[in-house]
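> Need the 3D shape of this:
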Amino acid sequence: MPRKLTGRVNHDVDFETNRDHWLNQLRVLHAQRSVIAAGGGEEAAEKQRAKGKMLARERVVALIDPETELLELGSFTAWGFYEEWGGAPAAGVVIGLGQVSGRECVIVSNDATVKAGAWFPLTCKKVLRAQEIALENRLPIIYLVDSAGVFLPMQDEIFPDREHFGRAFYNNARLSAAGVYQIAAIMGSCVAGGAYLPIMSDEALIVEGTGTIFLAGAHLVKAAIGEGIDNQSLGGAEVQVDISGVVDDRFPDDAAAIEHIRARIGELARPPAPIFDVVEARDPGSDPADLLGLMPVDRSRPYDTYQVLACLLDGSEFTEYKATYGQTLICGTGRIHGWAVGIVANQRQIVHRRRGLEAKDREMQIGGVIYPDAADKAARFVELMNQKGVPLLFLQDVTGFMVGSKAEREGIIKDGAKLVNVVANSVVPKITIFVGNSFGAGNYAMCGRAYGARFFYAWPSASISVMGGEQASNTLLAIQLKNRGDEVSEEEREQLLAEIRERYHAAMDPRYAAARLWVDEIIDPRDSREVVARSLAAAAHNSELAPFRQGVLQT
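A predicted model of the protein is given here:
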């Protein structure tokens, strides 16, 4: 039976300090997103408008259903990258989940205010991620194309490799073969290899006067074969629709093309009913706003994960699995906006290993650390959720697996490998939220980026690294001092340690991870229920689950 997660949150000084800190961090993130949303700046935007074109985000707003919002993904992609070229806000492309004619779709909209919509290496990674989401969840994908193609100064980092530019067209072919509908609107430039993306979609549209598509533009044609011609005569709407037949339909402006896309999406066959259980949603018993006060500013301090779950789950009701065993991992089932979900969460509160023993025989465990019994429990729970067909939500705040002679004798490597194995082979949809620390192999066991979750999110409190900052900084300092082989003063030692610590902690910032697409988006903890529910609804479009199988496990 589910139990009510009770326990009133104490709004004490620590709570208020935490809340104020994270509110300020969220204000900073909001301000930074506003800068990102401005793309290449007002001057570049005015040039777009002067041509009669909507901006990338304006196109998305016109495309999605009124009174709905885009669940933007990858907004911080390329944050801090390509500064020598003036930067590339959001990697020059907007992606996300949007409701179009009542259907959840993946949307990809090039931002031509950022280097004419050219593809940087991280632009490519971001578009491939959008296609991966569409394929995994069988969601229609809409491309709003306005791109000058590969950013030539970096062509060697985007053109030839397996996960480079050509992979987008490979994915076009696989999406179409899998029956995942793709429609593209050419609303500006569409050049060279990039021309294959809309034409390998199931349907392609073009906007008259602004849309062009060709393998080589007028300047290259002149240089290559000496032919003098302008871009519209070379590959404009009339040429590519009326003469070549390369593109299906042409429209007078962006708005008309977008309305046609909405009509096409509205014609699609309805997806099958979700195989995952969903009932009417209920509010949690605890206020989700309390999450900001619960998360400590000092990431080494403990907190009670049950209080976090009370803010996330419908009715704050939770059916726990093996509650008194392996207590540094909490496993159990609940509902989020009506969706049944299995939860694997790190418990940061310090717990006794076995509650039933006499006090003198109890063993204290460190919160956030995965012990052999916890790994064994979680592996069994993930197997059970696959058996029952229940999606999984991982809440990561893990400092790694336990080390030391006792843990080794208890088989920590064996039990850890078992958990990693079942997480890797899990076939139900997985969603991961990095709520705090994500260190070492704990990142893998708790379904980090390499382990195939459908969606990855981070709270502002997230910190992803191979080990904690202090441990790493001291280790790196020791290596540097050993390599120098001479005497170092205490003052110089402290200066070196401070420099290493600053660099390492900068790499642990969630924006660092988001810039590299290790997470899909940094989210406000208060929005977690809605974001998870939206993700589960998207995952439910793919109603086909492969059989759950595992390889050889050390038992």
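
> alpha carbons only for contacts and neighbour counts from here, please
Fine.

> tell me the pLDDT at residue 554?
Predicted confidence (pLDDT) for residue 554: 68.

> Could you do residue 443 as well?
We note a pLDDT of 92 for residue 443 in this prediction.

> Same question for the one 5 residues further on.
According to the prediction, residue 448 has pLDDT 94.

> burial measure for it, as a count.
24 (other Cα atoms under 10 Å).

> And the next helix or strand past the host helix or strand of residue 172?
Per DSSP states H and E: residue 172 is located in helix 166-177. Next helix or strand after helix 166-177 toward the C-terminus (DSSP H and E): strand 182-190.

> buried set for the helix holding residue 172?
166, 167, 168, 169, 171, 172, 175 (16 or more other Cα atoms under 10 Å).

> Next, the angle from that helix to strand 182-190.
150 degrees (axes from the mean of the first three to the mean of the last three Cα atoms, to 10 degrees).

> Give me the contacts around helix 166-177.
Helix 166-177 is touched from outside by 124, 127-128, 131, 134-135, 159-160, 181-182, 193, 196-197, 200-202, with contacts defined as Cα atoms under 8 Å, 6 or more residues apart in numbering.

> Now it: average pLDDT?
The predicted confidence, averaged over helix 166-177, sits at 95.

> Stretch 63-80 now?
If you average the pLDDT over stretch 63-80, you get 97.

> And for stretch 456-472?
Summarised as a single mean, pLDDT over stretch 456-472 is 78.

> One more: stretch 15-31?
Per-residue scores along stretch 15-31 average to 97.

> Over to stretch 369-382?
94.

> Is it possible to get CSV of the buried residues of helix 166-177 that adds distance to residue 412?
Formatted as CSV, those follow (distance: Cα to Cα, whole Å):
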residue, distance to residue 412
166, 42
167, 39
168, 41
169, 44
171, 39
172, 43
175, 41
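
> which among these gets closest to residue 4?
residue 175 (43.4 Å; Cα to Cα).

> before we move on, the earlier item: which of the buried residues of helix 166-177 lies closest to residue 73?
The closest of these, once distances to residue 73 are taken by Cα to Cα, is residue 168, at 17.7 Å.

> From residue 160, how far out is that closest one?
Look at residue 168 and residue 160: by Cα to Cα, to the nearest Å, they are 12 Å apart.

> Residue 370 now?
For residue 370, the distance to residue 160 equals 41 Å [Cα to Cα].

> If you count surrounding residues, which of the two has more?
Using other Cα under 10 Å, the more surrounded residue of residue 370 and residue 160 is residue 370, with 31 against 12.

> Do I have it right that that one meets residue 440?
No - between residue 370 and residue 440 there is no contact under Cα atoms under 8 Å: 11.2 Å.

> Give the residues shared as contacts by the two.
Counting by Cα under 8 Å, 6+ apart, the residues touching both residue 370 and residue 440 are 399, 400.

> show me where the stretch 201-350 of the chain has helices.
218-225, 231-235, 237-238, 254-266, 291-294, 305-312 (DSSP state H, counting those that start in this stretch).

> got the contact list for the longest one?
So that's helix 254-266. For helix 254-266, using Cα under 8 Å, 6+ apart, the contacting residues are 53-54, 59, 62-63, 100-103, 183, 185, 187, 205-207, 250-251.

> Could you tell me which of the contacts of helix 166-177 belong to strands?
Among these, the residues falling in strands (DSSP state E) are residue 182.

> Grab the two from the contacts of helix 166-177 that are most spread out in space.
160 and 181 (26.9 Å).

> Find the nearest non-adjacent residue to residue 17, please.
Distance criterion Cα to Cα, 6 or more residues apart in numbering; nearest residue to residue 17, sequence neighbours excluded, is residue 293 at 7.4 Å.

> residues touching the one you found, list them.
11, 14, 15, 16, 17, 18, 19, 20.

> Next, find the distance separating it from residue 438.
20 Å.

> Kindly report the same for residue 544.
Separation of residue 544 from residue 438 (Cα to Cα): 31 Å.

> Residue 258 too?
Relative to residue 438, and taking Cα to Cα, residue 258 is found at 41 Å.

> The two - which one has more neighbours?
Comparing residue 258 with residue 438 by other Cα under 10 Å, the one with more neighbours is residue 438, at 26 against 23.

> a strand runs through the more buried one, doesn't it?
Yes - according to DSSP: H, G, I helix; E, B strand; the rest coil, residue 438 belongs to a strand.

> how far away is it from residue 315?
28 Å.

> could you point out the longest helix in the chain?
The longest helix of the chain (DSSP state H) is helix 13-37.

> next structured bit after it?
Next along from helix 13-37, by DSSP H and E: helix 42-50.

> So, low pLDDT: which residues of the stretch 451-555 of the chain?
466-490, 492-504, 554-555 (pLDDT under 70).

> Quick one: residues contacting residue 11.
Applying Cα under 8 Å, 6+ apart, we find residue 11 in contact with residue 293.

> and it, backbone torsions?
For residue 11, the backbone dihedrals (degrees, to the nearest 10) come out as phi -80, psi 70.

> Kindly report the same for residue 322.
The phi/psi pair for residue 322 (degrees, to the nearest 10) is phi 50, psi 60.

> Surely it and residue 380 touch.
No - with contact defined as Cα under 8 Å, residue 322 does not count as touching residue 380 (10.2 Å).

> if we can go back for a sec, remind me what the longest helix of the chain packs against, helices and strands.
Other elements packing on helix 13-37 under the criterion 3 or more Cα pairs under 8 Å, 6 or more residues apart in numbering; DSSP states H and E are helix 291-294.

> And the contacts of helix 166-177, which of them are buried?
124, 127-128, 131, 134-135, 159, 181-182, 193, 196-197, 200-202.

> my guess is residue 80 contacts residue 87, does it?
Yes - judged on Cα under 8 Å, residue 80 makes contact with residue 87 at a distance of 7.2 Å.

> So between these two, which is more surrounded?
Neighbour count, other Cα under 10 Å: between residue 80 and residue 87, residue 87 has more, with 18 against 13.

> OK, contacts around the more buried one?
With Cα under 8 Å, 6+ apart, residue 87 has these contacts: 78, 80, 81.
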